[in-house]
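Chemist: Quick one: sequence plus predicted model below, questions after.
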Amino acid sequence: MRYSGVFATILTAFMLLVTGCASTGQTADDGSSTFPPTFVREVEPFRVTDGLGRAYELPFQGGLNVPRPQFADMDADGDQDMFIQEESGRIMKFENTGTPQDARFTWRTNEYGGLDTGEWYRIVDLDRDGDMDVLTEERFSYIRFYRNEGTASDPRFVVAVDTLLDATGTPIFADRQNIPHIVDIDCDGLLDLFIGRVTGTITHYESVGDDAEGIPRFRFVTDRWEDIEIVGENVSLHGANTMNFADVDLDGDLDLFWGDFFEAGILLVRNLGSCGAPSLRSEPINWPINNPVTTSGYNAPVLIDIDADDDLDMVFGVLGGAFNANATTRDNFYLMEQKDGVFDVATKRFLYDLDSGSESVVKFADLDDDGDLDMIIGNKIEPSNQKTSLMFVFRNVGSSSAPEFAYWETLDLISTYHQNPAIADLDADGDLDFMIGKWNKEMALFRNDGSASEYAFTEVDPVYQALTRGQNAAPALVDLDNDGDLDLVAGEASGNMNYWVNNGTPQEPMYELVSDTWLDIDTGRRSFPTFADLDGDGDQDMIIGTELEGLMLYVNIGTPEVFDFQEWGILDVDTQAIAAPEFADIDGDGDLDLFVGGVSGGVMFFRNTNR
């Protein structure tokens, strides 16, 4: 049976009051034979604003921790599209749906071209046929060549060769933690390949044309190109590196930009020669010259005229080096605009999305008792205060069928890492309480001593429950035996599951540990359980987020009173590592939509399209 309008709102509120469960264990009868439901990803499903009222441009993109950006006009429409590698093995594409002067980047895919990129990629017209090819890491530390066998406006990438060879037929070795570059440095019409080494030196190869199969070959030139040796600032160490070339001083030749693990900023090596006779034996200098940028290190620069004003700007990703990478898990994607020869930081979040930092969890509950669901996003470590993690509350200022979220406040109830709340009415007084999992094995209880519409949390017990071993407690509250009170299930770092039955009452829970290896479930690493009736049979199914395996579904083939969980498999949704799922009927259509936190610190949204 389906319900809509005011009656649906009243019914939902009544069900929540009876079960005492606000954010887990939601039930939806979607009237469809499709199982499991079909979830379709949306990046801009509804409006979300920050504390200043600014709308997030791509709110549910998923966050960025180590963005490796590049730009190329891959659809031949005259503007630059953006590509980002955040995860090993794949590239995200953001199509420029604006103009060259006013770019607007629209998410298209997380797996552009089906490319397996390894740890790095370079977009370049390697075969000089007028369309863009792609070089990637061939595991481990070699160079794969994807030839574009489509067109400049409709690329189709095919592996031309797994490993590029030098002129003698020897595979070219490229340290996988470094991002090489390929460009015609000496204006002779032949591409030069530059590979940074962890020793701080640069290996140079020069193209000698194609072999019999049409694959470019490169002649080894030197392991110490221009005698460059980059040593980290104040640490006398060499490290992983990135590089890029651009004529930043407009003298007709290419200068070198270098990002290093042991360098807090970006180094510029000026080309003091000419286009035909380059000379980069100048001393590396911190860039910009008059106001050097500093981050946590290991910066990946791209020079591009982002606003089509006929000068170069810089976009760079912060991969996180030797200078406290936890500080840049959120502010790590810089745009430095050039005006009158001066580069200034325009933004540290060039791609503006809901990004809490790293290892996000997302929860939904009606925190202000207005009949719609509000959103809470937690993180592992707060970049701006690394002594704790935080929970960011976004109030639903829309409605139960047309949500719109606005930043409300930040909660730090317990000042610990990995604050992971389970939200429910644990004392049956009509308002919502918090059970908060921590980075260690403990779970704290915070009672709401306010009201259903204005919460005021009081710590009842900092160790209300605890895992028997391990860490990263991830609690979920759900009535598994249909006795009117909430039982407790918790995931943990090891991937095992823990189950406590509530032998108390809705007013006074009393938890008894049943098993710390519940159902013999082992996800490998990290387990984030949540419960939802995905098959519409009236009992709670279990969905477990994992570190690397995605979302594991266990279907309850028992009854609401006697559960029997059977492993179904992996849900067909594209999640990040350390996936933390949450189900909510966010659009009021009677079925459960899916939100997922993850390692990159943002939130991914998947709409249930069964209707």
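Modeler: Perfect, thanks for sending it.

Chemist: Please make it C-alpha for all contacts and neighbour counts, starting now.
Modeler: Will do.

Chemist: Which stretches in the stretch 101-250 of the chain count as helices?
Modeler: Ranges of helices in the stretch 101-250 of the chain, per DSSP state H, counting those that start in this stretch: none exist.

Chemist: so where's it shaky on pLDDT?
Modeler: 232-236 (pLDDT under 70).

Chemist: how about the strands in it?
Modeler: 105-109, 121-124, 133-138, 142-148, 157-161, 181-183, 192-196, 202-210, 216-222, 241-246 (DSSP state E, counting those that start in this stretch).

Chemist: Mind listing residues that contact the second one?
Modeler: Defining contact as Cα atoms under 8 Å, 6 or more residues apart in numbering, one finds that strand 121-124 is touched by 70, 72, 85, 132-137, 179-182.

Chemist: and W518, what are its phi and psi?
Modeler: phi -60, psi 130 (degrees, to the nearest 10).

Chemist: how deep is it tucked in, by neighbour count?
Modeler: Neighbourhood size, W518 [other Cα atoms under 10 Å]: 16.

Chemist: V460 too?
Modeler: Quick note: V460 (other Cα under 10 Å) scores 12 neighbours.

Chemist: and what of the one 3 residues further on?
Modeler: By other Cα under 10 Å, the residues close to V463 number 14.

Chemist: again, but for A346
Modeler: A346: 12 neighbours (other Cα under 10 Å).

Chemist: do the same with I215
Modeler: Here the number of neighbours of I215 (other Cα under 10 Å) works out to 17.

Chemist: Now for it: which residues touch it?
Modeler: Contacts of I215 (Cα under 8 Å, 6+ apart): D127, A160, V161.

Chemist: Against E404, how distant is the nearest residue to the first one once chain neighbours are set aside?
Modeler: The shortest distance from D127 to any non-neighbouring residue, by Cα to Cα, 6 or more residues apart in numbering, is to P216 (7.0 Å). Between P216 and E404 the computed distance is 52 Å (Cα to Cα, to the nearest Å).

Chemist: sorry, back to before: and the contacts of strand 121-124, which are buried?
Modeler: The neighbour count (16 or more other Cα atoms under 10 Å) marks 70, 72, 85, 132-137, 179-182 as buried among the contacts of strand 121-124.

Chemist: any chance of those residues in CSV, with distance to A444 too?
Modeler: CSV is the format used below for the buried ones among the contacts of strand 121-124 (distance: Cα to Cα, whole Å):
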residue, distance to A444
Q70, 44
A72, 49
Q85, 37
M132, 54
D133, 53
V134, 50
L135, 49
T136, 46
E137, 45
I179, 44
P180, 48
H181, 50
I182, 54
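
Chemist: L467: which of those residues is nearest?
Modeler: Nearest to L467 among the buried ones among the contacts of strand 121-124 is Q85, at 36.3 Å by Cα to Cα.

Chemist: From A300, how far off is the closest one?
Modeler: Separation of Q85 from A300 (Cα to Cα) stands at 11 Å.

Chemist: Find residues that contact each of these two.
Modeler: R68, P69.

Chemist: on that earlier part again, and the furthest pair within the contacts of strand 121-124?
Modeler: Largest pairwise distance in those, by Cα to Cα, is 19.1 Å, between A72 and E137.

Chemist: Am I right that D188 is in contact with G276?
Modeler: Yes: between D188 and G276 there is a contact at 7.1 Å, judged by Cα atoms under 8 Å.

Chemist: Name the residues contacting each of those two.
Modeler: Common neighbours of D188 and G276 (Cα under 8 Å, 6+ apart) do not exist.

Chemist: Among the contacts of I215, which one lies nearest to T99?
Modeler: D127 (28.4 Å).

Chemist: so the closest one touches E213, yeah?
Modeler: No: with contact taken as Cα under 8 Å, D127 and E213 are classed as non-touching, separated by 11.8 Å.

Chemist: And those two? Which one has more around it.
Modeler: For D127 and E213, the more surrounded residue by other Cα under 10 Å is D127, and the numbers stand at 17 against 8.

Chemist: Next, the contact list for the more buried one, please.
Modeler: D133, R147, I215, P216.

Chemist: T106 too?
Modeler: L58, F94, E95, N96, T97.

Chemist: just I91 next, same as before
Modeler: I91 touches F83, I84, Q85, N110, E111, Y112, L115, T117, counting by Cα under 8 Å, 6+ apart.

Chemist: Quick one: low-confidence residue ranges for this structure.
Modeler: 1-33, 232-236, 611.

Chemist: quick one: the helices in this structure?
Modeler: Here the chain has its helices, by DSSP state H, at 5-19.

Chemist: Phi, psi for the residue nearest the centre of it please.
Modeler: The residue lying closest to the centre of the chain (Cα atoms, centre = their mean) is S600, at 3.0 Å. Backbone geometry at S600, expressed as degrees, to the nearest 10, gives phi -80, psi 0.

Chemist: still on that earlier bit, export the contacts of I91 as JSON lines, with columns for distance to A246.
Modeler: Listed next are the contacts of I91 as JSON lines, based on distance: Cα to Cα, whole Å:
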{"residue": "F83", "distance to A246": "19"}
{"residue": "I84", "distance to A246": "20"}
{"residue": "Q85", "distance to A246": "21"}
{"residue": "N110", "distance to A246": "28"}
{"residue": "E111", "distance to A246": "28"}
{"residue": "Y112", "distance to A246": "26"}
{"residue": "L115", "distance to A246": "26"}
{"residue": "T117", "distance to A246": "24"}
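
Chemist: can you count the residues close to the nearest residue to R330 once chain neighbours are set aside?
Modeler: Leaving out its chain neighbours, the residue that sits closest to R330 by Cα to Cα, 6+ apart is G357, at 4.6 Å. Other residues near G357 come to 29 when the count uses other Cα under 10 Å.

Chemist: Then P45?
Modeler: Residue crowding around P45 was assessed by other Cα under 10 Å; the count is 17.
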